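J.: Have a look at this prediction, sequence included:
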Amino acid sequence: MSGTENQKYALVTGASRGIGAAIAHRLERDGFNVIGTATTEAGAQSISESLTRGRGVCLRVDEDNSVDELMTTLKADEQLPLILVNNAGITRDNLLMRMKPEEWNDIMNTNINSLYRMCKPLMRPMLKARWGRIVNLSSVVGRMGNPGQTNYVASKAAIEGFTRSLAIEIGYRGITVNSVAPGFIATDMTNELSEEQSSAMMERIPVGHLGSCDDIAGAVSFLVSDDAGYVTGITLPVNGGLHMS
Ligand code: NAP
């Protein structure tokens, strides 16, 4: 089966705001029926209202039950996606010296254990269809490192390794698995940076400005397209030249 015959549904986690919302809208513009997730009913409702054909659903990627419930709903509605964008992610910054166990564990559970929870059930319909696209959101700091973010950086580096391994496992079925590593993008996440941190960062970005959510959505749009069918296992940096590897 070719991608274009059966790539109707795309699932984007964390689509209520920021990068995930931009990805959801871009994929809808690309012609997919987008299912976007939020952690609250109100968030899911507002995704439904903002999409033309798609809808919002509730999901907590850090909870097994929540993923099971979503799978049950998608199966019942015959909306199993062949495109999965694992975008939901959080930060819990602290120097390692002061980092509490829950700050470490929350990050691992939400940012990396979620890939196991999501990819395992959701790749089944892709294997059956012999076509699929998985895109995982990493971060520039996954390769650069960043003080105060040992937990977050470890989770993002793990995402890139996961991406390469799964790409090797399921490439033979026409499924590509890639990561996108944003640099510093204007979202709620980067609003938390102090002015000092922001201006120090700006000096290191060759293109001289923060990225936009649409910059990341464009990269995801390419990776899920038929044009990218021979691209797998990569991490695509979208960082204005902040880090080149
Ligand atoms: P954001 O604005 O903070 O939005 C986070 C999204 O994830 C929201 O939709 C949120 O849902 C959802 N979410 C949070 N915890 C969740 C959970 N336990 N289960 C399910 N969904 C959850 O984040 P962002 O800046 O757009 O970042 C999106 C992705 O890009 C993340 O993976 C992040 O690590 C990565 N990234 C961002 C930047 C940046 O500069 N912003 C740079 C590099 C990488 P609710 O609205 O319901 O809370």
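T.: Sure thing, it's come through.
J.: Residue 164 contacts residue 176, correct?
T.: No. With contact defined as CB atoms under 8 Å, residue 164 does not reach residue 176; the gap is 11.8 Å. The C-beta positions use only the backbone N, C-alpha and C, and glycine is treated the same way.
J.: how close does the residue nearest the centre of the chain sit to residue 73?
T.: Nearest to the centroid of the C-alpha atoms of the chain, with distances taken as CA atoms, centre = their mean, sits residue 87, at 2.1 Å. Distance of residue 87 to residue 73, given as CB to CB, to the nearest Å: 19 Å.
J.: Between residue 164 and residue 176, which has more neighbouring residues?
T.: Taking neighbours as other CB atoms under 10 Å, residue 164 and residue 176 compare with residue 176 leading, 24 against 16.
J.: and the more buried one, which of the three is it?
T.: Following DSSP: H, G, I helix; E, B strand; the rest coil, residue 176 is assigned to strand.
J.: Let me see the contact set for the residue nearest to it when sequence neighbours are not counted.
T.: In space, and not counting its chain neighbours, residue 176 is closest to residue 232: 4.0 Å by CB to CB, 6 or more residues apart in numbering. Applying CB atoms under 8 Å, 6 or more residues apart in numbering to residue 232 gives the contacts 167, 171, 176, 177, 178.
J.: And the pLDDT for the residue with the largest distance to the centre of the chain?
T.: In the chain, counting by CA atoms, centre = their mean, residue 97 sits farthest out from the average C-alpha position, at 29.0 Å. With respect to pLDDT, residue 97 has a value of 98.
J.: outside of stretch 206-220, which residues touch it?
T.: In contact with stretch 206-220 (CB under 8 Å, 6+ apart) are residues 18-19, 21-23, 25-27, 85, 135, 137, 180, 182-187, 190, 202, 236, 238-242.
J.: circling back to that earlier point, ok, of the contacts of residue 232, which come out buried?
T.: For the contacts of residue 232, a burial check counting by 16 or more other CB atoms under 10 Å picks out 167, 176, 177, 178.
J.: Check the burial of residue 226 by counting its neighbours.
T.: Neighbour count for residue 226, taken as other CB under 10 Å: 11.
J.: and what of the one 5 residues further on?
T.: By other CB under 10 Å, the residues close to residue 231 number 14.
J.: In contact with it, which residues?
T.: Contacts for residue 231 (CB under 8 Å, 6+ apart) come out as 176, 178, 223.
J.: Next, work out how far apart it and residue 76 are.
T.: 33 Å.
J.: Check residue 150 too.
T.: As for residue 150, its distance to residue 76 is 41 Å (criterion: CB to CB).
J.: ok, those two, which is more surrounded?
T.: It is residue 150, of residue 150 and residue 76, that has more neighbours when counted by other CB under 10 Å, with 18 against 8.
J.: Just confirm that one contacts residue 97, I think it does.
T.: No. If you go by CB under 8 Å, residue 150 and residue 97 don't touch, sitting 10.0 Å apart.
J.: what residues does this protein put near the ligand?
T.: Contact residues, the chain versus the ligand (CB under 6 Å from any ligand atom): 13-14, 16-20, 38-40, 43, 59-62, 87-90, 110, 137, 139, 182, 184-185, 187-190.
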